[in-house]
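> sequence and predicted structure are below.
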Amino acid sequence: EVKLMEGLFFTSRVGLDNEFRKFHNWTPAYFFTVTSQANQSTVEQSSWNNTLFQWENFVNYNTSFGKSNISAVLGTSMFSFNNSYVLGAGSGLIKEAENFGFIESVQPGPEFTTASGGASAVNLLSYFGRVAYDYDGKYLLSVVMRRDGSSLLADGNKWGTFPSVSAGWVVSRESFFPKSSTINFLKLRASWGQNGSLANLSPGAWKSAIGFGNAYPDGDGNLNIAAEPTILSNPELTWETAEQVDFGVDLGMFDDRVGVTVDYFNKQTINLLNTGVIPNFVGNNAPVVNLGDISNKGWEFELSYRNRFGDLNLEVAGNITMIDNEVTALDENLNFAPGAGVGVGWTATAFEAGLPAWYFRGYQTDGILQSESEAMDYMTQMGLTEGFSAGDPKVVDVNGDGTISPDDQTFIGSPHPDMIYVLRVAAD
């Protein structure tokens with residue numbers, strides 16, 4: 001940190017984290033049982049290198065005049081992460097001994113050795129600025145602006161701009177505020193801001209991918225390994241943005257021994273990053289897309305008590321948060337996007353407009369089939385010949401087409417609690 005002039009400071013910070021990993025393993029030929037045996041010795045060797053570099057430069061200016069105080073920050077930040085690895089494996093060592101348990105001791109021939117490797121890089125460049133103002137500790141204002149550029153996105157979408165602003169009024173510092181130990185502190189707060197995220201992206205996520213593995217025969221009957229597209233490209237991929245509005249009240253009572261905080265928040269996640277959905281006839285896997293928008297809004301209440309009893313400091317606090325979660329927008333080409341799978345052929349969660357994000361999706365039931373005759377009557381009614389017996393749940397024909405099929409799967413529950421409560425006790 002360097003002082004350039006009165007109230008003006010320049011700061012530069014550099015961080016470097018270098019990680020090297022090596023792995024080596026060899027296994028002799030063995031026979032334990034018919035199902036646990038290896039006819040040849042094997043060996044594996046790999047080397048990994050991860051490098052993280054971060055460099056921040058910013059100037060900080062603080063000044064006061066009269067009852068006004070101003071603080072300003074302007075700077076840049078550079079983040080870079082590079083990863084590379086090499087992996088080799090082989091079978092059939094020329095001698096099963098510790099000093100021969102390496103790749104170079106594998107008998108020659110491509111049928112005995114395999115090798116792979118790769119490298120990736122993530123770079124992020126940010127420009128940021130903040131101006132904070134307060135007048136006599138009563139009127140507070142802060143404005144922040146960020147501009148972030150990432151190598152994870154295609155040209156034209158690499159950069160995102162994320163502003164925020166907050167304001168506060170310490171009412172208890174006003175001359176008209178009654179002097180009382182019952183309510184000795186009162187502050188009103190309001191804020192709005194945006195943050196960008198690419199947490200669900202990996203390097204090259206917007207590009208199409210080529211894979212190997214499928215084979216095709218030639219005219220002589222030989223099998224040739226084919227290369228084919230495996231993931232579609234999506235150069236339109238852009239930043240996921242969280243936009244939040246918050247209004248709050250802070251109360252201090254009985255000489256700040258009792259504290260009360262009330263907040264109303266409305267957070268909108270815009271352009272959520274998630275793997276997309278495409279028709280099966282496309283023949284490739286779907287890329288990551290900006291799937292839709294999510295709304296999280298609600299109230300948060302906190303009540304705390306702190307006091308000193310001799311040498312003991314005690315704090316007891318309780319917090320209650322009530323959240324309403326809803327998907328407010330989805331790709332217009334989709335009715336819903338499938339989520340996590342359970343077992344074989346059942347998608348347990350889904351993302352659908354008008355419902356909680358990643359709600360539980362399944363069959364609604366209407367009691368239990370009490371007997372085989374009731375099960376037969378139910379299957380006849382549903383146009384089925386098998387699949388249900390006494391003791392099975394009676395599945396509801398949600399879409400009313402007279403039969404039971406995957407189209408009858410629907411909303412059966414939300415993964416998001418209506419209320420979260422926390423009790424905290426601290427003593428020292």
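Ah, there it is.

> pLDDT score assigned to the nearest residue in space to Val398 that is not next to it in sequence?
In space, Val398 comes closest to Asp408 once its chain neighbours are excluded; the distance is 4.4 Å by CB to CB, 6 or more residues apart in numbering. For glycine as for every other residue, the C-beta is placed from the backbone atoms N, C-alpha and C. With respect to pLDDT, Asp408 scores 90.

> cool, and Ala89?
Ala89 is assigned 89 on the pLDDT scale.

> same deal with the one 10 residues further on?
The per-residue pLDDT reported for Asn99 equals 86.

> confirm that it sits in a strand.
No - per DSSP: H, G, I helix; E, B strand; the rest coil, Asn99 lies outside any strand segment and is helix.

> count the residues that sit near it.
Neighbours of Asn99 under the rule other CB atoms under 10 Å: 7.

> helices of the chain, start to end?
372-382 (DSSP state H).

> got the phi/psi numbers for the residue of it most remote from its centre?
Distance from the C-alpha centroid of the chain peaks at Asp220, with 50.5 Å (CA atoms, centre = their mean). Asp220 adopts backbone torsions of phi -90, psi 0, taken as degrees, to the nearest 10.

> picking that back up, thinking the residue nearest to Val398 is in contact with Val396, fair?
Yes - counting by CB atoms under 8 Å, Asp408 touches Val396, with 6.9 Å between them.

> which residues are in contact with both of those two?
In the contact map built from CB atoms under 8 Å, 6 or more residues apart in numbering, the residues linked to both Asp408 and Val396 are 363-364.

> okay, those two: which has more neighbours?
Higher neighbour count among Asp408 and Val396: Asp408, with 18 against 15, using other CB under 10 Å.

> got the contact list for that one?
By CB under 8 Å, 6+ apart, the neighbours of Asp408 are 363-364, 395-399.

> highest neighbour count among those residues?
Val395 (20 neighbours).

> list the residues that contact it.
Counted by CB under 8 Å, 6+ apart, Val395 has contacts 363-366, 404, 408.

> pick the one among those residues closest to Met376.
Lowest distance from Met376 to those (CB to CB) belongs to Ile404, with 14.6 Å.

> residues contacting the closest one?
The contact partners of Ile404, taken as CB under 8 Å, 6+ apart, are 363, 382, 384, 387, 395, 397.

> any chance of those residues in JSON lines, with distance to Asn60 too?
Listed next are those as JSON lines, based on distance: CB to CB, whole Å:
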{"residue": "Tyr363", "distance to Asn60": "60"}
{"residue": "Met382", "distance to Asn60": "71"}
{"residue": "Leu384", "distance to Asn60": "72"}
{"residue": "Gly387", "distance to Asn60": "70"}
{"residue": "Val395", "distance to Asn60": "64"}
{"residue": "Asp397", "distance to Asn60": "66"}
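
> which of those fall in strands?
Val395 (DSSP state E).

> ok, of the contacts of Ile404, which one's closest to Ile323?
Tyr363 (27.0 Å).

> the nearest residue to the closest one once chain neighbours are set aside and Gly402: what is the separation?
Leaving aside its sequence neighbours, Tyr363 sits nearest to Val395 (CB to CB, 6+ apart; 4.7 Å). According to CB to CB, to the nearest Å, Val395 and Gly402 sit 13 Å apart.

> okay, the residue nearest to Lys67 when sequence neighbours are not counted: pLDDT?
Once flanking residues are discounted, Lys67 sits nearest to Asp136: 4.0 Å by CB to CB, 6+ apart. We note a pLDDT of 93 for Asp136 in this prediction.

> give me the neighbour count for Asp136.
By other CB under 10 Å, 12 other residues sit near Asp136.

> that one: what's it in contact with?
Contacts of Asp136 by CB under 8 Å, 6+ apart are 67-68, 173.

> which one of those has the most neighbours?
Neighbours here mean other CB under 10 Å. Within the contacts of Asp136, the largest count is held by Arg173, at 14 neighbours.

> next up, the contacts around Glu96.
28-29, 41.

> 10 Å instead, please
Contact analysis of Glu96 by CB atoms under 10 Å, 6 or more residues apart in numbering lists 26-29, 40-41, 105.

> narrow those to those that are buried.
Buried members of the contacts of Glu96, counted by 16 or more other CB atoms under 10 Å: 26, 41, 105.

> show me those residues that map onto strands.
If you go by DSSP E, the buried ones among the contacts of Glu96 have Trp26 in strands.

> a markdown table for the buried ones among the contacts of Glu96, including pLDDT?
Shown next, in a markdown table, are these (pLDDT from 0 to 100):
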| residue | pLDDT |
| --- | --- |
| Trp26 | 90 |
| Ser41 | 87 |
| Ser105 | 86 |
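
> a markdown table for the buried ones among the contacts of Glu96, including distance to Val288?
Output for these, formatted as a markdown table (distance: CB to CB, whole Å):
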| residue | distance to Val288 |
| --- | --- |
| Trp26 | 39 |
| Ser41 | 42 |
| Ser105 | 43 |
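
> can you tell me which of the buried ones among the contacts of Glu96 is nearest Leu87?
Closest approach to Leu87 among those (CB to CB): Trp26, at 14.5 Å.

> now that closest one: closest residue in space, sequence neighbours ignored.
Nearest non-adjacent residue to Trp26, counting by CB to CB, 6+ apart: Gly101, 3.3 Å away.

> ok, now Leu251?
Val260 (4.1 Å).

> do I have it right that Ser197 meets Thr238?
No - Ser197 lies out of contact with Thr238 (CB atoms under 10 Å); the separation is 11.4 Å.
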